[in-house]
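Q: Got a predicted structure here, sequence first:
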Amino acid sequence: MGHKLKIAGWVSVGVMAGALTTVSLQTMARGAMTPLPLEEIQQLSAVFGLIKTDYVEPVDDKKLITDAISGMVSSLDPHSQYFDKKSFKEFREGTTGRFVGVGIEITQEDGLIKIVSPIEGSPAFRAGLKTNDLITKIDDTAVKGLSLNDSVKKMRGEPNTKVTLTIFRKEENRSFPVTITREEIKTQSVKGKVVEPGYAWIRLSQFQDRTVDDFVRKVEEVYKLEPNLKGMVLDLRNDPGGLLDAAVAISAAFLPENVTVVTTNGQLADSKATYKAAPEFYQRRGGGDPLRRLPAALKAVPLVVLVNEGSASASEIVAGALQDHKRATIMGSQTFGKGSVQTVRPLGPDTGIKLTTARYYTPSGKSIQAKGIVPDVMIDESEEGNIFAALRLREADLDKHLASGQGAEQKDETREKARDEARKLLEEEAKKPIADRKIPEFGNDKDFQLVQALNQLKGRSVLVSKTLTERKEEKKEN
């Protein structure tokens with residue numbers, strides 16, 4: 001391929017994680033420059049001059065210019081963005097699945113940082129940190145009052161530098177400091193196991209550089225343990241996206257060769273493209289076909305794909321392709337609806353902009369933008385219903401979101417009320433012991449949606465949602 005497609009973005013982190021993701025398409029700059037509107041440029045220059053001479057205190061030239069660029073780009077839609085030096089570095093780290101830090105998955109509890117899990121082999125793992133440990137201080141800074149993102153930034157840093165975490169371990173009723181040396185962390189985006197004889201569960205939490213290789217290894221492990229696999233559940237719940245070539249590859253692992261996976265369309269000639277289930281659309285430069293080791297049986301194994309409101313962008317591409325080709329049954333709730341392509345263009349050695357340049361479409365031509373993938377079978381997130389689903393924002397809830405091009409989504413006036421009720425429930429649930437909470441971890445024996453997916457594969461009855469309905473679109477205006 002002459003250009004490399006990527007998806008990257010940010011994820012809101014918490015007990016219930018929603019997602020906003022973006023797709024980036026590396027292309028050549030346009031050959032022809034659009035003529036500048038001189039009157040408006042003169043007006044911009046006049047405002048710049050007035051601020052420099054009349055504002056109450058001196059303002060840095062660079063700050064004025066970069067803020068103007070940032071405002072111009074961010075006013076377009078929620079995913080177009082100006083990158084300064086720091087944010088450009090963080091953006092690149094987000095697509096690789098690598099970062100420098102201590103190696104823990106975290107959430108927030110009672111204003112403190114709770115360790116969900118230390119990443120195996122990481123500095124935190126080697127230091128003996130445990131699931132449910134609470135971080136009360138990062139170096140000399142108290143965690144209480146810090147946002148989750150601010151806490152993450154304080155724990156990250158340069159390789160071989162040290163950070164001291166003050167830990168409160170509930171079960172031992174004691175606090176103690178742990179000094180950890182930061183190093184490069186490689187996150188695991190693929191989990192999986194044989195959940196019961198004949199049936200496997202594979203979860204993708206994000207589409208990153210190593211996702212396809214990790215997926216292949218996990219499938220090999222599964223087939224080694226269970227050579228006569230009767231069914232598989234591909235879990236894309238709360239998967240915010242990742243690299244598009246990885247999404248095409250995961251789709252190709254299950255689809256016949258050369259069928260269409262996704263198409264894109266926009267003003268640029270390079271944004272009008274079709275991506276197929278063939279190695280030339282996903283293999284990396286200089287590398288072979290990463291799917292060549294997969295067992296042939298994977299192409300035909302009965303498949304269920306689990307999705308929810310947090311499934312976005314690359315995960316919607318996979319779900320849409322498998323649904324349109326009738327290769328899998330899609331189960332869960334309507335997905336996020338992130339169906340636009342962003343081009344990342346450098347403005348210098350360490351700054352750039354991410355600009356929306358196209359929409360993408362499923363093989364049958366449906367726009368995902370602001371609508372998402374509607375499951376074949378709607379399933380509640382728990383036996384008690386969709387207790388916390390209202391907390392997850394979708395693309396259509398965002399200000400200035402791009403329309404689908406096939407009709408704009410209707411606003412649901414009852415959604416904010418449902419959100420308020422869900423927030424109160426979430427606060428109550430957070431106070432309970434983990435074993436008593438209504439939302440279990442994905443993949444365990446109390447995972448209601450996984451149980452329904454297995455019932456679907458076995459031909460048993462499925463507890464279909466009585467409340468979930470498709471979020472409809474408005475009629476197009478002439």
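A: Alright, I've got the coordinates.
Q: just checking, what packs against the strand ranked longest in the chain?
A: Longest strand in the chain by number of residues, with DSSP state E as the criterion: strand 352-361. Judged by 3 or more CB pairs under 8 Å, 6 or more residues apart in numbering; DSSP states H and E, strand 352-361 is in contact with strand 19-25, helix 61-74, strand 81-83, strand 260-266, strand 340-346. To be clear about C-beta, it is placed using only N, CA and C from the backbone, and glycine gets the same treatment.
Q: Which helix or strand lies directly C-terminal to that strand?
A: Sequence order places strand 377-378 as the next helix or strand after strand 352-361, per DSSP states H and E.
Q: I'd like to know the average pLDDT value across that next one.
A: On average, the pLDDT along strand 377-378 is 96.
Q: and if you look at stretch 345-355?
A: pLDDT averaged over stretch 345-355 gives 89.
Q: Kindly report the same for stretch 190-202.
A: 97.
Q: what do you get for stretch 154-163?
A: pLDDT averaged over stretch 154-163 gives 93.
Q: that older thread, export the helices and strands packed on strand 352-361 to a markdown table and tack on mean neighbour count?
A: Converted to a markdown table, the helices and strands packed on strand 352-361 look like this (neighbours: other CB atoms under 10 Å):
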| stretch | mean neighbour count |
| --- | --- |
| strand 19-25 | 26 |
| helix 61-74 | 13 |
| strand 81-83 | 22 |
| strand 260-266 | 22 |
| strand 340-346 | 22 |
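Q: export these to JSON lines and tack on distance to Gln188?
A: Output for the helices and strands packed on strand 352-361, formatted as JSON lines (distance: least, CB to CB, whole Å):
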{"stretch": "strand 19-25", "distance to Gln188": "18"}
{"stretch": "helix 61-74", "distance to Gln188": "32"}
{"stretch": "strand 81-83", "distance to Gln188": "27"}
{"stretch": "strand 260-266", "distance to Gln188": "24"}
{"stretch": "strand 340-346", "distance to Gln188": "25"}
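Q: between these, which one is nearest to Pro177?
A: Each of those has some distance to Pro177 by CB to CB; the shortest is strand 19-25, at 34.1 Å.
Q: residues in contact with Phe207?
A: Phe207 makes contacts with 7, 189, 239, 241-244, 246-247, 250, 314-315, as judged by CB atoms under 8 Å, 6 or more residues apart in numbering.
Q: next one: Phe168
A: Phe168 neighbours (CB under 8 Å, 6+ apart): 112, 133-136, 174-175.
Q: Now distance to Phe91, neighbour count and secondary structure too, for these, in JSON lines please.
A: Output for the contacts of Phe168, formatted as JSON lines (distance: CB to CB, whole Å; neighbours: other CB atoms under 10 Å; DSSP: H, G, I helix; E, B strand; the rest coil):
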{"residue": "Leu112", "distance to Phe91": "28", "neighbour count": "16", "secondary structure": "strand"}
{"residue": "Asp133", "distance to Phe91": "30", "neighbour count": "24", "secondary structure": "coil"}
{"residue": "Leu134", "distance to Phe91": "30", "neighbour count": "17", "secondary structure": "strand"}
{"residue": "Ile135", "distance to Phe91": "26", "neighbour count": "21", "secondary structure": "strand"}
{"residue": "Thr136", "distance to Phe91": "31", "neighbour count": "17", "secondary structure": "strand"}
{"residue": "Arg174", "distance to Phe91": "40", "neighbour count": "9", "secondary structure": "strand"}
{"residue": "Ser175", "distance to Phe91": "36", "neighbour count": "12", "secondary structure": "strand"}
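Q: Please parse this structure into its domains.
A: 99-186, 190-458 (automatic domain parsing).
Q: Deepest in the core, which of those is it.
A: domain 190-458 (a mean of 20; mean count of other CB atoms under 10 Å).
Q: any weak-confidence spans in the stretch 101-250 of the chain?
A: 120 (pLDDT under 70).
Q: So what's the gap between the helix or strand containing Leu457 and the chain middle?
A: Per DSSP H and E: Leu457 is located in helix 448-458. Taking CA atoms, centre = their mean, to the nearest Å, one finds helix 448-458 lying 24 Å from the centre of the chain it belongs to.
Q: Who are the packing partners of that helix?
A: Partner elements for helix 448-458 (3+ CB pairs under 8 Å, 6+ apart): strand 190-196, strand 199-204, strand 231-235, strand 303-307, strand 329-332.
Q: Tabulate these in JSON lines, adding columns for distance to Leu291.
A: Formatted as JSON lines, these follow (distance: least, CB to CB, whole Å):
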{"stretch": "strand 190-196", "distance to Leu291": "14"}
{"stretch": "strand 199-204", "distance to Leu291": "14"}
{"stretch": "strand 231-235", "distance to Leu291": "15"}
{"stretch": "strand 303-307", "distance to Leu291": "16"}
{"stretch": "strand 329-332", "distance to Leu291": "22"}
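Q: closest to Lys224 out of those strands?
A: strand 190-196 (9.8 Å).
Q: how about the CA coordinates for the closest one, as PDB?
A: C-alpha atoms of strand 190-196 as PDB (Å, rounded to 0.1, in the frame of the first residue of the first chain):
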ATOM      1  CA  VAL A 190      -5.300  -9.500  23.500                       C
ATOM      2  CA  LYS A 191      -6.600 -11.900  26.100                       C
ATOM      3  CA  GLY A 192      -8.200 -15.200  25.600                       C
ATOM      4  CA  LYS A 193      -8.900 -18.700  26.900                       C
ATOM      5  CA  VAL A 194     -11.000 -21.900  26.500                       C
ATOM      6  CA  VAL A 195     -14.000 -21.000  28.600                       C
ATOM      7  CA  GLU A 196     -15.400 -24.500  28.500                       C
END
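Q: which residues touch that strand?
A: 200-205, 211, 214-215, 217-219, 221-222, 225-226, 233, 443, 450, 454.
Q: how much does it deviate in direction from strand 231-235?
A: 150 degrees (axes from the mean of the first three to the mean of the last three CA atoms, to 10 degrees).
Q: Name every strand pairing with strand 190-196 and say which way it goes.
A: strand 199-204 (antiparallel) (DSSP bridges).
Q: chain center to the following helix or strand past the strand it pairs with: distance?
A: Remark: after strand 199-204, the chain's next helix or strand is helix 211-225, criterion DSSP H and E. Mean C-alpha position of helix 211-225 versus that of the full chain (CA atoms, centre = their mean) differs by 21 Å.
Q: and the angle for helix 211-225 with strand 231-235?
A: Using the same axes, to 10 degrees, helix 211-225 lies at 150 degrees relative to strand 231-235.
Q: For helix 211-225, which helices and strands make contact with it?
A: Against helix 211-225 (3+ CB pairs under 8 Å, 6+ apart) you get strand 190-196, strand 199-204, helix 244-254.
Q: Try it again at 10 Å.
A: Here helix 211-225 touches strand 190-196, strand 199-204, strand 231-235, helix 244-254, going by 3 or more CB pairs under 10 Å, 6 or more residues apart in numbering; DSSP states H and E.
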